[in-house]
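*Asks:* next comes the sequence, and after it the predicted model I'd like to discuss.
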Amino acid sequence: MNSRVTLITSSSADGDAMSSTFLPFTRPSIDDETIADVVAVLKGGWITTGPRVAALEKALSDYLGGRFVRSMTSATGGMEMALKAMGVGPGDEVVVPAMTFAASANVVERLGARAIFVDVELRSRNATPAALAAAITPRTKVLMPVHFSGLAVDMDGVLELATQHRLRVLEDAAHAIGTRYKGRLIGSFGDVASFSFHANKNMTCIEGGALSYTDTALTTPLERERFHGIAKDAAGNIDIETAGGKFNLTDVAAAVGLGQLRHLEGFNRRRGELAARYEARLSPYVEADRLPQTGDGHSWHMYPLLLPLAELGTTRDAFIAAMRERNIGLGIHYPCLPAMSHYRSLGWNPADFPNAARIGAETVTLPLFPAMADHDVDRVCDALLELLPR
Ligand SMILES: Cc1ncc(COP(=O)(O)O)c(C=O)c1O
């Protein structure tokens, strides 16, 4: 296991792999019917927020068991709107995992509140209720669990904790459209869930997001914040009730989203098959700790792998370059957030979050998207097993 591996091979030694087409780590699948609907919207004369947005919100609400749904231009905007509607502001704290995309914590800081980081489990990349509980102070207003890569957090534990401490819960469900927890869709229960429809998500609007929530008191603040603070009376006269923002989705984007939602369950089933194939191919050779946790209801937004960099005697960048030489694209999701300059400047130290720090240093994301064939997974695994210590 200590053998050092030369990662960059000469191209002549690798002719077959080199001649195959490039496999990116993600790629959207958009069908002809969806493209035709986008064209119909573009030709129809009404291209911004209109009937397609209303239809997408209705379809998402139906999918999520009848919950309230409001769409917006991004999950980042949605989370900021939701926190604001929950009354989060200066002096408040929101508990956020140290292993997540920057948006989860940035939105808290943008409201003048403080993101309080907690470490995550190594294999699930999720924060446990115990970790969230340990970070609660009298200033805590919201718990923000992240369903990392589409594996649900322990929602029973999180909701019980929130009830005990009278806290709100904003689930960062950017990775989790179609994820199930104990058989129930994420976003079909709980307080507020925020979905992302960014281009690399399990369903996309190109850019976009949606909030799903239970509390009707959130509707007016969300709608005001989403569109300039405008309130209209029955005659159509407008008033500005608050200095709102501008986060409304377009009908062009919603047409893409409607087409994607029709395929979501099928997309996620295929993601699950591909993830199972990765697991079957890699688990005989790769320590369990380095492979992602599997679980019922996982929507497999990503398939992350921890690299044994010390054994490899190389850097992650060199490993990624070696895979790229083999025409395979890898991603990095994500650096440890407390290690980033802004969060360091606020006094956070990645060493206090050993799992997140290790994931941040060692993780790579393998290609995983519904249009991949089984042989694409085999190609990735062959290349990995050639490079990894055996
Ligand atoms: C965990 C997480 N939260 C939030 C976001 C933000 O989503 P959006 O790009 O739709 O703003 C992302 C995007 O990748 C994410 O991964």
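*Replies:* The structure has been received and is ready for your questions. Residues are numbered from 1 along each chain as shown.
*Asks:* with adjacent residues omitted, what lies nearest to Leu42?
*Replies:* Nearest residue to Leu42 in three dimensions, chain neighbours excluded: Val252, at 6.5 Å (C-beta to C-beta, 6 or more residues apart in numbering). Quick note: C-beta positions are derived from backbone N, CA and C, even for glycine.
*Asks:* that neighbour belongs to a helix?
*Replies:* Yes - secondary structure assignment places Val252 in a helix (DSSP: H, G, I helix; E, B strand; the rest coil).
*Asks:* contacts only, for it.
*Replies:* Residues near Val252 by C-beta atoms under 8 Å, 6 or more residues apart in numbering: Val38, Val41, Leu42, Ile47, Arg52.
*Asks:* contacts only, for the residue in the stretch 201-350 of the chain positioned nearest to the ligand.
*Replies:* The stretch 201-350 of the chain approaches the ligand most closely through Gly209 (4.6 Å), counting by C-beta to the nearest ligand atom. By C-beta under 8 Å, 6+ apart, Gly209 lies in contact with 71-78, 174, 194-198.
*Asks:* show me where the chain has its strands.
*Replies:* 68-72, 93-97, 114-118, 140-143, 168-172, 180-181, 184-185, 192-196, 209-213, 230-232, 238-240, 303-306, 363-366 (DSSP state E).
*Asks:* which secondary structure elements does the fourth one sit against?
*Replies:* In other words, strand 140-143. strand 93-97, helix 155-165, strand 168-172 (3 or more C-beta pairs under 8 Å, 6 or more residues apart in numbering; DSSP states H and E).
*Asks:* what do you get if the cut-off is 6 Å, keeping everything else the same?
*Replies:* strand 93-97, strand 168-172 (3 or more C-beta pairs under 6 Å, 6 or more residues apart in numbering; DSSP states H and E).
*Asks:* now these in JSON lines, with distance to the ligand and mean pLDDT?
*Replies:* Shown next, in JSON lines, are these (distance: least, C-beta to the nearest ligand atom, whole Å; pLDDT from 0 to 100):
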{"stretch": "strand 93-97", "distance to the ligand": "9", "mean pLDDT": "99"}
{"stretch": "strand 168-172", "distance to the ligand": "5", "mean pLDDT": "99"}
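*Asks:* give me the pLDDT value at the residue nearest to Ser283 when sequence neighbours are not counted.
*Replies:* Leaving aside its sequence neighbours, Ser283 sits nearest to Leu291 (C-beta to C-beta, 6+ apart; 6.3 Å). At Leu291, the model reports a pLDDT of 98.
*Asks:* try Glu287
*Replies:* Turning to Glu287, the model gives it a pLDDT of 96.
*Asks:* likewise Asn2?
*Replies:* Looking at Asn2, its pLDDT is 34.
*Asks:* ditto for Arg390
*Replies:* Arg390 is assigned a predicted lDDT (pLDDT) of 77.
*Asks:* and it, how close does it get to Val286?
*Replies:* Arg390 sits 10 Å away from Val286, going by C-beta to C-beta, to the nearest Å.
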